[in-house]
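A.B. asks: Below is the sequence, then the predicted model.
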Amino acid sequence: MKSRHRSDNYVEIMDTTLRDGEQTPGVAFTPAEKLELAKMFMNRLKVDRLEIGSARVSDGERDAVSTILKWAEHRGCLESMEILGFVDGGRSIDWIRETGGKVINLLTKGSENHCRVQLRKSPAKHFEDVVNEIHYAEQQGIKVNVYLEDWSNGMRHSFAYVHEFLTRLQGLPVERIMLPDTLGILDPTEVATYLEWLYRAFPDLRLDFHGHNDYGMVTANSLAAVRAGVNGIHTTINGLGERTGNQALAQLVVAINDMTNRRVRVVEMELQHASELVQSISGKRCAWNYPVVGSDVFTQTCGVHADGDKKGNLYANLLLPERFGRRRNYALGKLSGKASIDQNLEAMNLELAPEVRQKVLQEVIRLGDKKKSVSPSDLPFIIAEVLSSPLESRLKVVDYEISTRSGGTPKARVAVEMDGVKAEATSPGDGGYDAFMRALRKCMKTFNLTLPKLVDYEVRIPPGGKTDALVETTITWALPGKHVTTTGIDPDQIVAAIFATEKMLNLLLPGKPAESGAAETR
């Protein structure tokens, strides 16, 4: 057994996205995709080793593995490419040799239950078969790492079996013993305890830990393994893998770098790129709050948090977005405060007068009550609307009700108020907005005002394009001697049109900006 000092400063990362990650339901990489991912893992992420496939699976797998191995040989990292193989009388070893591989990750049984039930072999017979496989690999010039499948249950229920197995492997040409928590059943205390048992019995072991996430404990377990002194940890990008998946690379990297005295060679600035590339190729998207690489993990929603960040970065931890090539966002919605608006305005290099900024905040809160959040990309539309509006409206649409039904005539009820005088009217129409305008025209008679002719009506959805996105309605009106454009925004298209119309009503009043041309554009 090759000696390796326990607790080396650097933790080796063996990424198995291309092998174990393909066990994710619905995920299968083409040979071309595997090659591009392998290049990204080695050239940009700088992982130490890759498990690139499984022996004897398919012709497509053979093509992918051969292509990657040719590239790796040219790059000088052939022995960093590892292939899963089986105890099958040398057939996996022959397959790996024929494809140009130099390393087999030999899958053996790490628990007595697996050995007796699945293989239907005695431990002695299995150990003998494994030893023969290792000797054959050596003859073929193939290096061997040994997986002890179901090792976690082996340690829990049949430690004598594991101990005997490792005793048989001592002195053989084995590079690493790889310890899978195959069913994700361990907790960090068990991981630390079991590793201590192994190191006491076999102090020269070179160990890898391979965790699964069934109980949501995988990063904690990997961290316990790192603290116990293992040489390597196995990962996948975004935690791909069957059931709940494997150890996610990004989470492990930051946990080791920030929470232990050990380090990894992985380039943190490339984690986001790797995550997005694998999401795109695999079709498996990360949750918005997935640690480190989720779309919203660097977004603050609470106005108190935005205020604390502005005054002293009080709501930041070591996971600063700049560390990963990202930036912090301050969500806008009903929980926003002045600081949230200020942070977004600063990012846009905009300054607003206090009264305008307050009006923008009020509009953000109003929209937040109707929509989960207002994205920063919505903010320019809100600002444009506020800047094109009188800060105080003298004539207001105080209430409205619009109804349409299949086969029926749209109807609208509208209530308007100006200078304490209220007018209300109802009317049918050819559509919801037409019914609103007909009822509004009746109300305007109370104030001796005549509605101008509508020249153009345009609806636009700002960036986002979702069904709950803000709608910007722009209406052009023919006022005496000029055309005037007003806008309104709201998640509801008709409501946005009503807001645009209310602005126009105020422009009809004497002394309003329309008379000087100030409101001719938004």
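C.D. replies: Now that the structure is in, tell me what you want to look at.

A.B. asks: which regions of the protein lie under the pLDDT threshold?
C.D. replies: 1-5, 7, 300-316, 329-351, 367-381, 384-392, 462-469, 510-522 (pLDDT under 70).

A.B. asks: Kindly recompute the last result at 50.
C.D. replies: Residue ranges of the chain with pLDDT under 50: 1-3, 303-307, 335, 372, 391, 512-522.

A.B. asks: middle-most residue in it, spatially?
C.D. replies: residue 294 (2.7 Å; CA atoms, centre = their mean).

A.B. asks: which SS state does that residue fall under?
C.D. replies: coil (DSSP: H, G, I helix; E, B strand; the rest coil).

A.B. asks: tell me the contacts of it?
C.D. replies: By CB atoms under 8 Å, 6 or more residues apart in numbering, the residues touching residue 294 are 286, 287, 288. Yep, even glycine has a C-beta here, placed from its N, CA and C like the rest.

A.B. asks: For residue 72, give me phi and psi.
C.D. replies: As for residue 72, its main-chain torsions (degrees, to the nearest 10) stand at phi -60, psi -40.

A.B. asks: Would you mind confirming that it makes contact with residue 82?
C.D. replies: No - using CB atoms under 8 Å, residue 72 is not in contact with residue 82; the gap is 10.6 Å.

A.B. asks: chain center to stretch 128-140: distance?
C.D. replies: Taking CA atoms, centre = their mean, to the nearest Å, one finds the center of stretch 128-140 at 43 Å from the center of the full chain.

A.B. asks: Put the alpha carbons of it into PDB.
C.D. replies: The C-alpha trace of stretch 128-140 is given here as PDB (Å, rounded to 0.1, in the frame of the first residue of the first chain):
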ATOM      1  CA  GLU A 128      -9.300 -13.400  -3.500                       C
ATOM      2  CA  ASP A 129     -11.000 -12.100  -6.700                       C
ATOM      3  CA  VAL A 130     -10.100  -8.500  -5.900                       C
ATOM      4  CA  VAL A 131      -6.400  -9.500  -5.300                       C
ATOM      5  CA  ASN A 132      -6.300 -11.300  -8.600                       C
ATOM      6  CA  GLU A 133      -7.800  -8.200 -10.300                       C
ATOM      7  CA  ILE A 134      -5.200  -5.900  -8.800                       C
ATOM      8  CA  HIS A 135      -2.300  -8.200  -9.900                       C
ATOM      9  CA  TYR A 136      -3.700  -8.300 -13.400                       C
ATOM     10  CA  ALA A 137      -4.000  -4.600 -13.600                       C
ATOM     11  CA  GLU A 138      -0.300  -4.200 -12.500                       C
ATOM     12  CA  GLN A 139       0.700  -6.600 -15.300                       C
ATOM     13  CA  GLN A 140      -1.200  -4.400 -17.800                       C
END
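
A.B. asks: Quick check: buried residues in it?
C.D. replies: 129, 130, 133, 134, 136, 137 (16 or more other CB atoms under 10 Å).

A.B. asks: So which of these sit within helices?
C.D. replies: 129, 130, 133, 134, 136, 137 (DSSP state H).

A.B. asks: Dump those residues to JSON lines, plus distance to residue 361.
C.D. replies: Output for these, formatted as JSON lines (distance: CB to CB, whole Å):
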{"residue": "129", "distance to residue 361": "72"}
{"residue": "130", "distance to residue 361": "68"}
{"residue": "133", "distance to residue 361": "69"}
{"residue": "134", "distance to residue 361": "69"}
{"residue": "136", "distance to residue 361": "73"}
{"residue": "137", "distance to residue 361": "68"}
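
A.B. asks: about what we covered before: return the member of the contacts of residue 294 nearest to residue 63.
C.D. replies: Distance to residue 63, by CB to CB, is smallest for residue 286 among the contacts of residue 294, at 29.1 Å.

A.B. asks: That closest one in helix, strand or coil?
C.D. replies: Classified using three-state DSSP, residue 286 is coil.

A.B. asks: That one is in contact with residue 274, isn't it?
C.D. replies: No - Residue 286 is beyond contact range of residue 274, at 11.7 Å (criterion: CB under 8 Å).

A.B. asks: Neighbour count: the two, which is higher?
C.D. replies: Legend: neighbour count by other CB atoms under 10 Å for residue 286 and residue 274, higher for residue 274 (24 against 21).

A.B. asks: so what does the one helix or strand that one maps to touch, helix or strand wise?
C.D. replies: If you go by DSSP states H and E, residue 274 is part of helix 271-282. The criterion is 3 or more CB pairs under 8 Å, 6 or more residues apart in numbering; DSSP states H and E, and the helices and strands that helix 271-282 contacts are helix 31-39, helix 249-259.

A.B. asks: Make a markdown table from the ones you listed and add distance to residue 483 and mean neighbour count to it.
C.D. replies: Listed next are those as a markdown table, based on distance: least, CB to CB, whole Å; neighbours: other CB atoms under 10 Å:
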| stretch | distance to residue 483 | mean neighbour count |
| --- | --- | --- |
| helix 31-39 | 54 | 19 |
| helix 249-259 | 54 | 21 |
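
A.B. asks: Compare those helices and give me the one nearest residue 63.
C.D. replies: Once the helices and strands packed on helix 271-282 are compared by CB to CB, helix 31-39 is nearest, at 4.7 Å.

A.B. asks: between the helix or strand following that closest one and helix 31-39, how big is the angle?
C.D. replies: Downstream of helix 31-39, the first helix or strand assigned by DSSP H and E is strand 49-54. Angle, strand 49-54 to helix 31-39, by axes from the mean of the first three to the mean of the last three CA atoms, to 10 degrees: 170 degrees.

A.B. asks: Can you tell me the strand partners of strand 49-54 and which way each runs?
C.D. replies: Strand 49-54 sits in its sheet next to strand 12-15 (parallel), strand 81-86 (parallel), going by DSSP bridges.

A.B. asks: To residue 177, which of those strands lies closest?
C.D. replies: Closest of those to residue 177 is strand 12-15, at 12.9 Å (criterion: CB to CB).

A.B. asks: Pull the residues that contact the closest one.
C.D. replies: Outside strand 12-15, the residues touching it (CB under 8 Å, 6+ apart) are 41, 45, 47-51, 82, 208, 231-237, 249, 252-253, 264-266.

A.B. asks: Please save the CA atoms from it in PDB.
C.D. replies: Extracted C-alpha coordinates of strand 12-15, given in PDB (Å, rounded to 0.1, in the frame of the first residue of the first chain):
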ATOM      1  CA  GLU A  12      -7.400  16.400  -3.600                       C
ATOM      2  CA  ILE A  13     -10.600  16.900  -5.500                       C
ATOM      3  CA  MET A  14     -11.700  14.000  -7.700                       C
ATOM      4  CA  ASP A  15     -14.800  15.100  -9.700                       C
END
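
A.B. asks: Figure out how far that strand is from the centre of its chain.
C.D. replies: 21 Å.

A.B. asks: How is residue 366 assigned, secondary-structure-wise?
C.D. replies: helix.

A.B. asks: Give me the neighbour count for it.
C.D. replies: 14.

A.B. asks: repeat for residue 272
C.D. replies: 16.
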